[in-house]
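In: A predicted structure for the sequence below; I have some questions about it.
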Amino acid sequence: MTKFSTYIKRMFRFVIKGESKTYVRIDSVKQGDLLLNKNIVITGASSGIGYAIARKCLLENGNVLCVARNSDKLIKAVETLKAETKSDKIKYLNWDIADISMYKEKCHQAVGILGGRIDCLVNSAGITSPLNIENCTPDLWDEIFDINLKGLFFETSEFVKHFINQGTGGNIVMIASQAGLNAQTRPYALSKAALIHLSNGLAKELITYNIRVNTIAPGPTVSEMCVVAPDGNLQGDGRGKRIFLPEEIAETALFLLSNTSRCITGEVITCNNGNSIRTDAFS
């Protein structure tokens, strides 16, 4: 199409519909205030990636509700986060999301603790196992899926209802895994593949409510599930040849939780230094 024909089309559109206007507010990074006044719920916040995300949110002035199933460990993590960040914008809620009999009550409590409004939800709680189809038991299958998918599904559904009812939109960040993008028979990988599919479906269904849903798929990351000292040797397998730090995942989560990523939804961001790049495609 020539420039002339483009101008003619624009002219007719203007005559018929009038001047078309689109307004966009650009949010840029202002260190220390990126999450100012945002109320954020983080599951699995007592350790690993969830803990690192909570720490980053506090440093960026967010109001954080840390959720975990182990009460003692959760309280200890919250006290440490207070000391590390010098922030008092942190609260906690003991909640085993695998217990779906409690998801409505616990979600209601979370909303109340944060003053009636939730802006962001980070689903970081999860468990792993190396067992696959050869040696997995039904009990292990149930344990993995109850936490990684079933509990998360119903917990998220309740927060989605709250987002819709409060009428101000919302923001959900799922922590999946590169395992969910690979061909595997491990129940852990299958649960993360289903989580990625769920995230994309939610993004499609909720966009009209101004609710964003994005997924982070980390490679092997220093945590209780990957027993490597954060200040030790991080050499690992895969194309990246290393294990990743939870703080690296937290930086990506921060971007997705902030308004600087307002135009992004339905994305799966792999934080694994290229481990998931396809090399077997047809030439």
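Out: The structure has been received and is ready for your questions. Numbering: from 1, shown residues only.

In: pLDDT below threshold where in the stretch 151-283 of the chain?
Out: 223-241, 278-283 (pLDDT under 70).

In: residue ranges for the helices of it, please.
Out: 152-166, 187-206, 246-257 (DSSP state H, counting those that start in this stretch).

In: most packed of those helices?
Out: Highest mean neighbour count of these: helix 246-257, a mean of 22 (counted as mean count of other Cβ atoms under 10 Å). For every residue, glycine as well, the C-beta is placed using N, CA and C.

In: so which elements touch it?
Out: Packed against helix 246-257, as judged by 3 or more Cβ pairs under 8 Å, 6 or more residues apart in numbering; DSSP states H and E, are the following elements: helix 48-59, strand 120-123, strand 170-175, strand 211-218, strand 268-271.

In: what pairs with the last one, and is each one parallel or antiparallel?
Out: When pairing is defined by DSSP bridges, strand 268-271 lines up against strand 211-218 (parallel).

In: and the partner strand with strand 170-175, angle?
Out: Relative orientation of strand 211-218 and strand 170-175, computed by axes from the mean of the first three to the mean of the last three Cα atoms, to 10 degrees: 20 degrees.

In: how close does the residue nearest the centre of the chain sit to residue 121?
Out: Nearest to the centroid of the C-alpha atoms of the chain, with distances taken as Cα atoms, centre = their mean, sits residue 173, at 2.3 Å. According to Cβ to Cβ, to the nearest Å, residue 173 stands 7 Å off from residue 121.

In: likewise for residue 141?
Out: Distance from residue 141 to residue 121, counting by Cβ to Cβ: 26 Å.

In: compare neighbour counts for the two and give me the winner.
Out: residue 121 (28 against 15; other Cβ atoms under 10 Å).

In: now residue 142: how far from residue 42?
Out: Residue 142 is 25 Å from residue 42, by Cβ to Cβ.

In: show me the contacts for residue 207.
Out: 265, 266 (Cβ atoms under 8 Å, 6 or more residues apart in numbering).

In: can you do 7 Å?
Out: residue 265 (Cβ atoms under 7 Å, 6 or more residues apart in numbering).

In: going forward, begin numbering at 230 instead of 1
Out: Understood, numbering begins at 230; the last thing we discussed is residue 436.

In: flag the shaky bits of the stretch 230-379 of the chain, pLDDT-wise.
Out: Those would be 230-244, 246-259, if you go by pLDDT under 70 across the stretch 230-379 of the chain.

In: now do the helices in it.
Out: Using DSSP H, counting those that start in this stretch, helices in the stretch 230-379 of the chain cover 232-246, 277-288, 300-314, 332-342, 367-374.

In: what's the most buried one of these?
Out: helix 277-288 (a mean of 26).

In: could I have it exported to PDB, CA atoms only?
Out: What follows is helix 277-288, C-alpha atoms only, in PDB (Å, rounded to 0.1, in the frame of the first residue of the first chain):
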ATOM      1  CA  GLY A 277      13.800 -19.500  47.900                       C
ATOM      2  CA  ILE A 278      12.300 -17.500  45.000                       C
ATOM      3  CA  GLY A 279       9.200 -16.500  47.000                       C
ATOM      4  CA  TYR A 280      11.400 -15.000  49.800                       C
ATOM      5  CA  ALA A 281      13.600 -13.200  47.200                       C
ATOM      6  CA  ILE A 282      10.500 -11.700  45.500                       C
ATOM      7  CA  ALA A 283       9.100 -10.600  48.900                       C
ATOM      8  CA  ARG A 284      12.400  -8.900  49.700                       C
ATOM      9  CA  LYS A 285      12.500  -7.100  46.400                       C
ATOM     10  CA  CYS A 286       8.900  -5.900  46.800                       C
ATOM     11  CA  LEU A 287       9.600  -4.500  50.200                       C
ATOM     12  CA  LEU A 288      12.700  -2.700  48.900                       C
END
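
In: that one to strand 399-404, inter-axis angle?
Out: Going by the same axes, to 10 degrees, helix 277-288 makes 140 degrees with strand 399-404.

In: could you say what helices and strands helix 277-288 packs with?
Out: strand 268-272, strand 292-297, helix 300-314, helix 475-486 (3 or more Cβ pairs under 7 Å, 6 or more residues apart in numbering; DSSP states H and E).
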